[in-house]
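Peer 1: Predicted model, plus sequence, below.
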Protein chains: 2
Amino acid sequence: MSTHAAIAAHANRAVPGYLVSALAMTPNAGMGAALGAGVGAAIQPRNPADPLASLGHAKVYERETTVFTEGDAAGSVFRVMSGMVRLYKMLPDGRRQIIGFLQAGDMMGLAFAAQYLYTAETVTATTIQRIPRLELDALMDAQPAFARKLLSATTSELMAAQDQMVLLGRKTAAEKVATFLLRLSDRKCSGKGDDHTIDLPMGRSDIADHLGLTTETVSRTLTKLKSSRLIRILVGGKLDLLDRDALADLAGGF
Amino acid sequence: MSTHAAIAAHANRAVPGYLVSALAMTPNAGMGAALGAGVGAAIQPRNPADPLASLGHAKVYERETTVFTEGDAAGSVFRVMSGMVRLYKMLPDGRRQIIGFLQAGDMMGLAFAAQYLYTAETVTATTIQRIPRLELDALMDAQPAFARKLLSATTSELMAAQDQMVLLGRKTAAEKVATFLLRLSDRKCSGKGDDHTIDLPMGRSDIADHLGLTTETVSRTLTKLKSSRLIRILVGGKLDLLDRDALADLAGGF
DNA sequence: CGACTGCTTGAAGGATTTCAAGACGGGTGG
DNA sequence: CCACCCGTCTTGAAATCCTTCAAGCAGTCG
């Protein structure tokens, strides 16, 4: 159940309305999203074909700023234009689980519920487009194809969430960290520059809370990867993947 | 990322097409799903208002039977009419993570990808409606409202997946088991009979692989709950929740 | 009635956490 | 421009929860 509870099971805790799902929603992200679609291009929020471009308005948030909090009334959805955001849920006693990190092109707050289901905070300085729920509704009504894109994007999120469940439930610390680094690397696709240098703008405790570990374990694991010559840790939150194949082995599956 | 990788990040590993998402899709499950909607009623796959009722055809599967396997070409989506199904992903070395358990009304295989992303097996004897992807597409084209229902249902799945991440990443064994039992209990809503007796048709190792534990730990934890008079273990895979409040405390948040 | 399979229980081991200092680095102010 | 400061990261050692390894036990099914 849990992961597949029927709508009915949720009905008593969430009034219909947009809520909390985070998902990637880029101009090229729809059903027809061809293989290799966009990558770089898809990240262009100002793509002329972007149906969302004219909605709402963008705002710059400083680093370590709250965008919205779990439980807030959910009146808008958001799209990250640049920078990085973390989404997390907290247990009553303060334990935190980071659901994911969002980058340019990713959307959040898109779901049917009256309140946001998690908290969104910026990691770095971030530009975020805020789109009132009503405007999005109107767009969905006007463009059925757009509704399909949302479904497709949400579905992709679900796939990613399932991979994360495997990681959290069945992987060791080393596998978790290796998987995380490889995902970051696949994700960026930043075209320019070394394709093996990745950005780690978030702190160790963010990584830990995403992987179900402690900061100490993350640090120790990274140190071990460094000693094994699989990675090189650079200043300024950057990191080189020196042996992607070995990392993939360590990651044990995707 | 992981959990929120942009579509583009998936584009190179999954050709568009229906795939893997599992979600609850019942007649009353749409956007308008009122609070308290259906529960019992929503579980009625033959509800007259059910747009899916006339699609595909139903088949009975024996217990412990494979419905489809991760990697199979994904040509159909499925809806559980009765019984229970488990969905899981495996790591190359055999470690298994059960993504969720499906009951009457839940759908699976609904996503945009060429292959199924996980394996579906029956736990008990189960009746399953198989719906060719093309028929579902046609229905979505014909009934925009239906597409919204799918989006809503998928979104609910995502919410559940996020809760499961918190469980897997940040809860202790006792909290995991308590949470699992409470979810099962909330889920069933079987109207009739003791509202504190729940069905546990799956084995200990299924529970373990869903919660990120071992069968021994699950067994020990259940024994401890029994000793504490919080539950009573009955024959035939049934179980009484004797102190729901205490369990909720133990569960530490939803 | 015996063998099988799954559940329970015990004891030992290990991976990760917890507790506790240091080291590093980056930013600020003198 | 350098030094100080503070937060973060790293490293160490002890503790712990959970796993692993190993038997018993129990319900089932031929």
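Peer 2: That came through fine.

Peer 1: Can you tell me how far residue A:97 is from DNA strand D?
Peer 2: 15 Å (CB to the nearest atom of the strand, to the nearest Å). All C-beta atoms are positioned from the backbone trio N, CA, C, and that covers glycine.

Peer 1: domains for chain A, by residue range?
Peer 2: Under the assignment automatic domain parsing, the domains of chain A span A:2-167, A:172-251.

Peer 1: Can you check which of the ones you listed gets nearest to DNA strand C?
Peer 2: domain A:172-251 (3.1 Å; CB to the nearest atom of the strand).

Peer 1: Kindly check the end-to-end length of the closest one for me.
Peer 2: 9 Å (CA to CA, to the nearest Å).

Peer 1: quick one: is that domain near chain B?
Peer 2: Yes. Judged by CB under 8 Å from any CB of the partner chain, domain A:172-251 comes into contact with chain B through A:179-180, A:183-184, A:186-187, A:189, A:209-212.

Peer 1: Tell me where chain A has helices.
Peer 2: A:7-11, A:133-142, A:144-170, A:173-188, A:204-211, A:215-227, A:244-251 (DSSP state H).

Peer 1: how about stretch A:169-176, does it get close to DNA strand C?
Peer 2: Yes. Residues of stretch A:169-176 contacting DNA strand C under CB under 7 Å from any atom of the strand: A:172-174.

Peer 1: List only buried entries from those residues.
Peer 2: A:173-174 (16 or more other CB atoms under 10 Å in any protein chain shown).

Peer 1: Would you mind listing what in chain A touches DNA strand D?
Peer 2: With the criterion set to CB under 7 Å from any atom of the strand, chain A comes near DNA strand D through A:203-205, A:215-216, A:218-220, A:222-223, A:233.

Peer 1: DNA strand C next: which of those are close?
Peer 2: A:216, A:220.

Peer 1: Type out the ChimeraX command that picks the buried ones from the residues of chain A next to DNA strand D.
Peer 2: In ChimeraX syntax, the buried subset of the residues of chain A next to DNA strand D is picked out as below (16+ other CB under 10 Å):
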select /A:204,205,218,222
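
Peer 1: Of the residues of chain A next to DNA strand D, which is the nearest to residue B:56?
Peer 2: residue A:218 (47.0 Å; CB to CB).

Peer 1: Now do the contacts for that closest one.
Peer 2: A:173, A:177, A:204, A:207-208, A:211 (CB atoms under 8 Å, 6 or more residues apart in numbering or on different chains).

Peer 1: Rebuild the residues you listed as CSV, extending it with pLDDT.
Peer 2: Formatted as CSV, these follow (pLDDT from 0 to 100):
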residue, pLDDT
A:173, 98
A:177, 98
A:204, 98
A:207, 98
A:208, 98
A:211, 98
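
Peer 1: picking up where we left off before, among the domains of chain A, which is the most enclosed?
Peer 2: domain A:2-167 (a mean of 21; mean count of other CB atoms under 10 Å in any protein chain shown).

Peer 1: Let me see the mean pLDDT of that one.
Peer 2: For domain A:2-167, mean pLDDT is 78.

Peer 1: now check it, is it near DNA strand C?
Peer 2: No. For domain A:2-167, no contact with DNA strand C is found by CB under 7 Å from any atom of the strand; the gap never falls below 8.7 Å.

Peer 1: I'd say residue A:62 and residue A:125 touch.
Peer 2: Yes. With contact defined as CB atoms under 8 Å, residue A:62 reaches residue A:125; the gap is 5.7 Å.

Peer 1: if we can go back for a sec, so which of the helices of chain A comes closest to residue B:102?
Peer 2: helix A:7-11 (12.4 Å).

Peer 1: Would you mind measuring from residue A:198 to residue A:232?
Peer 2: 11 Å (CB to CB, to the nearest Å).

Peer 1: Now for these two: what residues contact both?
Peer 2: Shared contacts of residue A:198 and residue A:232, counting by CB under 8 Å, 6+ apart, come down to A:239-240.

Peer 1: Dump the helices of chain A into a markdown table; add distance to residue B:102 as well.
Peer 2: Below are the helices of chain A laid out as a markdown table (distance: least, CB to CB, whole Å):
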| stretch | distance to residue B:102 |
| --- | --- |
| helix A:7-11 | 12 |
| helix A:133-142 | 28 |
| helix A:144-170 | 14 |
| helix A:173-188 | 27 |
| helix A:204-211 | 27 |
| helix A:215-227 | 34 |
| helix A:244-251 | 29 |
